[in-house]
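Student: generate a structure from the sequence data that follows.
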Amino acid sequence: MIFKITAMETTPLRLLRLKTTPSALFLSPPKLHRPQKALAFPNLRLNDAVKRTPFALSHSSFSPNPNPFKFTASVSQSPFPIINSSLNYSLHSQNDAGFRWSRASRSGVDGNVGLLGPGKPEVAVVLLGWLGGQSKHLKRYVEWYNSRGVDAVTFVVDVKEVLWFDLGHRVEKRVTELAHEVASWVEGGGERWLVFHTFSNTGWFVYGALLEIWEDKPDLIEKIRGCVVDSGAGAPFDPKVWAAGFSTAILKKRSSLAKPAVETKELNASGGAASLSKVQEEEPPAIETMLLMVLEKLFSFILKLPDVDKRLTKVVSVLSTNPPHCPQLYLYSTGDKVVPHQSIESFITEQRKIGRAVKSFNFGTSPHVDHYRTFPNIYSQELNYFLEECLATTVKQT
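Tutor: So this is what the prediction gives:
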């Protein structure tokens, strides 16, 4: 079964209108009338080859069309609108690939010049958002890093880019362009370091795809000084997790999966909520139940496709068996209804077994990718401790 999604039909109820033959969506090109004016996207290359990401749901070579991104939505409906002219272009910039730079003030904050002080390496954080997230949703994280003298670049993935006519190939090209952009920044002069901050499994997958693209650039990988994983790195092959992620992205605030499982109370510094083992659950609305059921069946089929399984396995392998030798911080909660906390804790254990320095914090009751909003003080404290520690460690090593 497939979704018949148009620019005018995006409500959850209409998403349940189904057609037959799932292979028609994932194994063969869609039969579409060529629009009079197609949206033009650059043919992006890195080392004369475009690496594939787990978001491409079928083989990219099936279409001879050099521009597979011809869809009916107008430019004004793009999830990555042109930056408003009222913004300060010296501090903010966004390009056609949809990622956006936010430069920290070089004059410093409160008399300080960045986390490392004057004359030290520049640091940039790459914020990789959750499925369905927008740049504005990452604003509070950008401001947090910028206030500490760290530049930030944000990258988000819209649901339509994955379940759209091009079957995720636009995401592939955007990830490749992001890899080229970040590499250019690191190699642009002077000593520059990277920190990654990923959200949900989607951001985590993009991180893995970037590492795969850079596999022949060990000097660049060494510039990665830390990785923060927020609500991700759990059950990457589970159709239920994929279904929950897409359902939450489609329904947004109407999704019961995006709501806290129990009444949230402020945590103390010792993280007492980490001992929470059971959470209260409410029955989701009927339409959400139907959507979850359809999506689970759909992904049960998709994840078994040879090409999808090969791509996903490769990216997860990079993340699980050969991640950069830098500290890792996992921020998650027992109350997460999208990515099971047990699977995240299992991944943390495996990372420690292969000798990686891993820290983690369980927020207990906060919803998926909502830990900072729910517990801002504790989140900021844990993030600040981690950032200071991993950057201080690298300073001693240099």
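Student: low-confidence bits of the chain, can you list those?
Tutor: Along the chain, segments meeting pLDDT under 70 span 1-97, 106-119, 164-168, 261-283, 393-398.
Student: please, where are all the helices along it?
Tutor: Remark: helices assigned in the chain by DSSP state H are 23-26, 139-146, 159-162, 169-186, 200-213, 218-221, 239-251, 286-302, 306-321, 341-353, 371-374, 376-397.
Student: those helices: which one's closest to N362?
Tutor: Closest to N362 of these, according to CB to CB: helix 341-353, at 6.9 Å. All C-beta atoms are positioned from the backbone trio N, CA, C, and that covers glycine.
Student: what's in contact with the closest one?
Tutor: 232-235, 238, 241, 320, 323, 328, 330, 332-334, 358, 360, 362 (CB atoms under 8 Å, 6 or more residues apart in numbering).
Student: now the residues you listed: which count as buried?
Tutor: Neighbour counting with 16 or more other CB atoms under 10 Å marks 232-235, 238, 241, 323, 328, 330, 332-334, 358, 360, 362 as buried within the contacts of helix 341-353.
Student: nearest to V316 among the residues you listed?
Tutor: Of the buried ones among the contacts of helix 341-353, the one sitting nearest to V316 (CB to CB) turns out to be A233, at 9.4 Å.
Student: identify the residues contacting that closest one.
Tutor: Neighbour list for A233: N201, W204, L319, Y330, S343, I344, F347, I348 [criterion: CB under 8 Å, 6+ apart].
Student: V308: which of these is nearest?
Tutor: N201 (14.5 Å).
Student: pull up the gap between that closest one and I344, please.
Tutor: 10 Å (CB to CB, to the nearest Å).
Student: okay, and the common contacts of these two?
Tutor: G232, A233, G234.
Student: with adjacent residues omitted, what lies nearest to the last one?
Tutor: Excluding its sequence neighbours, the residue lying closest to G234 (CB to CB, 6 or more residues apart in numbering) is S343, at 3.5 Å.
Student: tell me the contacts of the closest residue to H197 other than its chain neighbours?
Tutor: With CB to CB, 6+ apart as the criterion, H197 has its nearest non-adjacent residue at 4.3 Å, and that residue is V228. When contacts are counted by CB under 8 Å, 6+ apart, V228 is found next to V195, F196, H197, T198, Q328, L329, L331, L383, F386.
Student: what do you get for G226?
Tutor: When contacts are taken as CB under 8 Å, 6+ apart, G226 is in contact with V195, F196, C326, P327, Q328, L329, F386, L387, C390, L391.
Student: counting contacts, what elements does the longest strand along the chain pack onto?
Tutor: Identified as the longest strand of the chain according to DSSP state E is strand 122-131. Packing partners of strand 122-131 (3 or more CB pairs under 8 Å, 6 or more residues apart in numbering; DSSP states H and E): helix 139-146, strand 151-157, helix 169-186, strand 192-199, helix 200-213, helix 239-251.
Student: name the residues that touch stretch 129-145?
Tutor: Contact with stretch 129-145 is made by 79-80, 94, 100, 102, 104, 125, 127, 151-152, 154-159, 162, 197, 199-200, 202-203, 231, 245-246, 248-250, 252, 368-369, 372-373, 380, 383, as judged by CB under 8 Å, 6+ apart.
Student: for that stretch, measure first residue to last.
Tutor: End-to-end distance of stretch 129-145: 15 Å, with CA to CA, to the nearest Å as the criterion.
Student: next: stretch 208-225.
Tutor: End-to-end distance for stretch 208-225: 15 Å, by CA to CA.
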